[in-house]
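# Here is a sequence together with a model predicted from it:
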Amino acid sequence: MRSFAKLFALSLLVLPASLPAQQWLNTEPNPKTNKSSFRALDEWPSPNDYRDASGSPGPKYWQQRVDYVVRTSLDTTTHTVKGSERVTYHNNSPQALGYIWFQLDQNIEAENSRANLTKSAIPAGLSPQARRFLAPEDEFGGYQITRVSLVGAPGTPAKPARYLINGTQMRVNLDTPIPTGGKAMVEIEWSFVVPEGGNNSRGVRELVKDGWIYEIAQWFPRAAVYDDVTGWQNDPFLGQGEFYLNFGNYDVSITVPRDHIVRSTGTLRNPEVVLTPTQRARLATAMAGDTLVFIVRPDEVQKPGSRPAGNGMLTWRFTAENVRDFAWASSKTFVWDAQGFRYKTGGRVIELHSVYPREAMPLWSDVSTKAIAQTMRTYGRLAFEYPYPQASNVNGQVGGMEYPMIAFCGGRPGPNGTYTKNQEYALAAVTIHEVGHNWFPMIVATDERKWTWMDEGLNSFLEYYGSLDYDKNWPTARLRGPATNIVNYMKQPSQMPLMTESDMILRNTFGNNGYSKPATGLVMLREKILGPERFDLAFQEYSKKWMFKHPQPADFFRTLAGGAGERLDYYWRGWFYTTYNNDQAITKVESDDANALVGDTKRGKFYHRITVDNKGGLVLPLELEIEFTDGSKKRVNMPAEVWRSNELQFTHGFFSDKEIAKVIADPDSGYADVDRSNNTFTKAPAQKPIG
């Protein structure tokens, strides 16, 4: 048994000679103020019956449901979409509602829209090349609302409603408040011209060699969300903060020229009317297997035999259940390919479709549907299996945009029809990303108007793994997720906290803030801090319990911490609520003769001390790789709690029979350290005698 004196001496070795006061990053003049990064986050709302402390929907959780029956038509001469809708609003809230707010997203194109009026002037000296990417200054649009009516009891005529329009919103007053558990029906008629560009650029028209492509999105008045957190979500649509929408059922009839092909949200209900017998047979073949089949071949585009015989327009009817939005695309230029997809469990067929003009081949025919299938596999493994009946990808002017069951993606080969590997990666990436949005936020339906990271960030995180699953040799530099790729942004003084509302994020930081930094943070959390097993269990729990519901940031944070069994307040605070960066610097390496120090070499000849300063402010785990003079190495992985008493400096001590030659902090470059010049200590070589 060791003597008490020796045990006491050893205890002194693992503590500083004189203990400093606790040194936290957020110290204030009042030393009694607890500002530790490890303290509980008080920014979150208190748990209640709607959202509990585990991050789950509470016993009284509720959300509204809104069903739509829409009849619309496309006039390709005037490029006008015209329609009528019957909206059935189900009030599941505890409050009676005397009015309903609707979102009028097309009004972002109006001359007096807030997006137009708050837009900065075109910079002086802008080159013609840059100027051509700007929408024409005099091209304005928006809705023409021609009727708003309240629908009463069956058999009674609809009556005009009292309504007012405030930019991209419309308030419809009700004659009688909707009680809890009740419903109201509103009818609206409207039209708008499909823009070529504009402020939105998500629903546009494009002229290609064979004709016009129409990508129709945010095209009908949609009821705004009323929830337990905000009440009515009345943030105006300015173009950057995207959408927050209600779930419901849709019955949509779309009338277009007979030579058009239509893809949309939902399931086609009248294929016998709008498709030829040959096309229906090809679809059956495609869905029976898992290989690509052309439904409309390239040489059939604009051939009369590729469309049903007859004259006049055709009406395509689609229905969709439990979706939060509806979008569609229509063109006479479309090549159409498709294949079936099945998960190993259940065997249910999911239809995968791609439509594109002939100039998009062979890039699109080679990559698009293949990338959709990869999205199904990766996201199904990491979150939950795709619950909808189909997923479609449309090539047009929109570079990348998502809606339930349908994505709009750009990217085409060169004029000679060839494409590079980088072009393949670009199309695969945007397809995985936009189709992946079906999971976040189409099904796990976050408030994009407020929290960009909750949909773009989570989706970019999953896109990272989908890209590597698509091609294990995918270039690291083209990925959102690796820690090394976010370092330059973390150095910038202009970066903003992730917990910044969407429309307040500076445009020049939007991609890094909304996409890259949250994706990197989740990759770091999965691969470095928690490990894949714990992270995946917690992430799947969050994903599944919030399917078809409206989670808030605290619900995500609480679920991951609880599911992984880890107190993560320091991490949410540092990565999401601050703009600290990570700069762990090795400032001192000392070695003592253990025998001379304590008269005991049983634990090793030397006692080594490695001091690391936290210069960037971000509290993260500490990983050290220690190389000894005999060439052997030792890896020490320490949790973030090493900083709990002193967030500015930590000294790691250990015994060894070996002498230290080199020490590296963050040896795998997994923690986005912004200055790697101070991450390494190398022992100076012994000087040789002179002469």
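Good, I have the coordinates.
# For the rest of this, base every contact and every neighbour count on C-alpha atoms.
Will do.
# ok, the closest residue to L568 other than its chain neighbours - how many residues close by?
Ranked by Cα to Cα, 6 or more residues apart in numbering and with sequence neighbours excluded, the top spatial neighbour of L568 is A561, at 5.9 Å. Neighbourhood size, A561 [other Cα atoms under 10 Å]: 21.
# Pretty sure A561 sits in a strand.
No. Under DSSP: H, G, I helix; E, B strand; the rest coil, A561 sits outside any strand and is assigned helix.
# Now do the same for it: its pLDDT.
A561 carries a pLDDT score of 98 in this model.
# again with the one 5 residues further on
For E566, the pLDDT comes out at 96.
# before we move on, the earlier item: surely the residue nearest to L568 meets R567?
Yes. In terms of Cα atoms under 8 Å, A561 counts as a neighbour of R567; the distance is 6.0 Å.
# circling back to that earlier point, dump the residue contacts of the residue nearest to L568.
A538, R567, L568 (Cα atoms under 8 Å, 6 or more residues apart in numbering).
# With neighbour count and distance to E189 as added columns, please give the residues you listed in CSV.
As requested, these are arranged in CSV below (neighbours: other Cα atoms under 10 Å; distance: Cα to Cα, whole Å):
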residue, neighbour count, distance to E189
A538, 21, 45
R567, 15, 52
L568, 22, 50
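# Columns distance to S502 and secondary structure on top of those, output as a markdown table?
Output for the contacts of A561, formatted as a markdown table (distance: Cα to Cα, whole Å; DSSP: H, G, I helix; E, B strand; the rest coil):
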| residue | distance to S502 | secondary structure |
| --- | --- | --- |
| A538 | 26 | helix |
| R567 | 27 | coil |
| L568 | 24 | coil |
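# nearest to P179, of those residues?
Checking these against P179 by Cα to Cα gives A538 as the nearest, at 37.5 Å.
# Thought E566 was touching that closest one, still the case?
No. Using Cα under 8 Å, A538 makes no contact with E566, being 10.5 Å away.
# Which parts of the stretch 451-600 of the chain are strands?
Counting by DSSP state E, counting those that start in this stretch, the stretch 451-600 of the chain has strands at residues 584-593.
# can you check the stretch 101-250 of the chain too?
Under DSSP E, counting those that start in this stretch, the stretch 101-250 of the chain gives strands at 144-151, 159-160, 162-166, 169-178, 183-193, 205-208, 211-216, 222-223, 226-227, 231-232, 248-256.
# quick one, which of these is packed in tightest?
Stretch with highest mean neighbour count among the strands of the stretch 101-250 of the chain: strand 222-223 (a mean of 24; mean count of other Cα atoms under 10 Å).
# For that one, which outside residues touch it?
The contact list for strand 222-223 (Cα under 8 Å, 6+ apart) reads V66, I100, W101, F102, Q103, L104, L245, N246.
# will you turn those into CSV that also has distance to A596?
Compiled in CSV, the contacts of strand 222-223 are given as follows (distance: Cα to Cα, whole Å):
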residue, distance to A596
V66, 78
I100, 81
W101, 79
F102, 79
Q103, 77
L104, 79
L245, 71
N246, 73
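# By neighbours, which of those wins?
These, ranked by neighbours (other Cα under 10 Å): first place Q103, 28 neighbours.
# May I have the residues that are in contact with it?
The contact partners of Q103, taken as Cα under 8 Å, 6+ apart, are T168, Q169, M170, P221, R222, A223, A224.
# quick one: pLDDT of the second one?
In this prediction, Q169 carries a pLDDT score of 97.
# Show me the beta-bridge partners of it.
When bridges are called by DSSP bridges, Q169 pairs up with Q103, N166.
# Hmm, it is touching I100, no?
No. In this structure Q169 lies outside contact range of I100 using Cα under 8 Å: 10.3 Å.
# can you redo the contacts of A561 as JSON lines with distance to D469?
Shown next, in JSON lines, are the contacts of A561 (distance: Cα to Cα, whole Å):
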{"residue": "A538", "distance to D469": "21"}
{"residue": "R567", "distance to D469": "31"}
{"residue": "L568", "distance to D469": "29"}
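# SS state for I100?
strand.
# State the pair within the contacts of Q103 that is farthest apart.
Among the contacts of Q103, the pair separated by the greatest distance (Cα to Cα) is T168 and A223, at 11.7 Å.
# roughly how far is stretch 413-431 from the heart of the chain?
How far stretch 413-431 lies from its chain's middle: 23 Å, per Cα atoms, centre = their mean, to the nearest Å.
# May I have the distance across that stretch, first residue to last?
15 Å (Cα to Cα, to the nearest Å).
# For it, which outside residues touch it?
Residues from elsewhere that reach stretch 413-431 (Cα under 8 Å, 6+ apart): 359-364, 367-368, 371-372, 393, 400, 407, 409-412, 463, 467, 474.
# Flag every buried residue along it.
Residues P413, Q423, E424, Y425, A426, L427, A428, A429, V430, T431 are the ones in stretch 413-431 that count as buried (16 or more other Cα atoms under 10 Å).
# next one: stretch 46-54
Judged by neighbour count using 16+ other Cα under 10 Å, the buried positions of stretch 46-54 are R51, D52, A53, S54.
# Please apply the same query to stretch 553-567.
Judged by neighbour count (16+ other Cα under 10 Å), stretch 553-567 contains these buried residues: P553, A554, D555, F556, F557, R558, T559, L560, A561, G563, A564.
# what's the answer for stretch 656-675, then?
The neighbour-count check on stretch 656-675 (16+ other Cα under 10 Å) flags 656, 658-667, 670-674 as buried.
# show me what contacts the residue nearest to the spatial centre of the chain?
The chain has E456 as the residue nearest its centroid, 2.0 Å off, counting by Cα atoms, centre = their mean. Listed by Cα under 8 Å, 6+ apart, the contact set of E456 reads H437, F440, G514, Y515.
# Which of those are buried? Put it as a ChimeraX command.
Those of the contacts of E456 that count as buried under 16+ other Cα under 10 Å are selected in ChimeraX with:
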select :437,440,514,515
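# got a markdown table for the contacts of E456, with distance to Y577 too?
Shown next, in a markdown table, are those (distance: Cα to Cα, whole Å):
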| residue | distance to Y577 |
| --- | --- |
| H437 | 24 |
| F440 | 21 |
| G514 | 13 |
| Y515 | 16 |
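# So which of the contacts of E456 belong to helices?
Assigned to helices by DSSP state H, none of those qualify.
# ok, so of the contacts of Q103, who is nearest Y388?
R222 (21.2 Å).
# partner residues bridging the closest one?
Judged by DSSP bridges, the bridge partners of R222 are Q103.
# hang on, the earlier thing: now, which of the buried residues of stretch 413-431 sits nearest L238?
Nearest to L238, judged by Cα to Cα, of those is V430 at 23.2 Å.
# quick revisit: quick one: the contacts of E456 as TSV, columns for distance to D251 and pLDDT too.
Converted to TSV, those look like this (distance: Cα to Cα, whole Å; pLDDT from 0 to 100):
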residue	distance to D251	pLDDT
H437	22	98
F440	23	98
G514	33	97
Y515	33	98
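# Name the residues that touch stretch 230-246?
Stretch 230-246 is touched from outside by 63-66, 101, 105, 108, 114-115, 167-169, 199-200, 222-227, 323-325, 445-452, 502-503, with contacts defined as Cα under 8 Å, 6+ apart.
# can you check stretch 373-384 too?
By Cα under 8 Å, 6+ apart, the list of residues contacting stretch 373-384 from outside reads 341, 343, 352, 385-386, 432, 435-436, 439, 462, 465-466, 469-470, 536, 539-540, 543-544.
# Same check on stretch 45-62?
92-93, 227-228, 542, 545-546, 554-559, 562.
# I'd like the residues you listed laid out as TSV, including distance to P157.
Compiled in TSV, those are given as follows (distance: Cα to Cα, whole Å):
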residue	distance to P157
N92	26
S93	28
D227	31
D228	34
Y542	46
K545	42
W546	40
A554	46
D555	45
F556	46
F557	50
R558	50
T559	49
G562	54
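# Fine, thanks again, bye for now.
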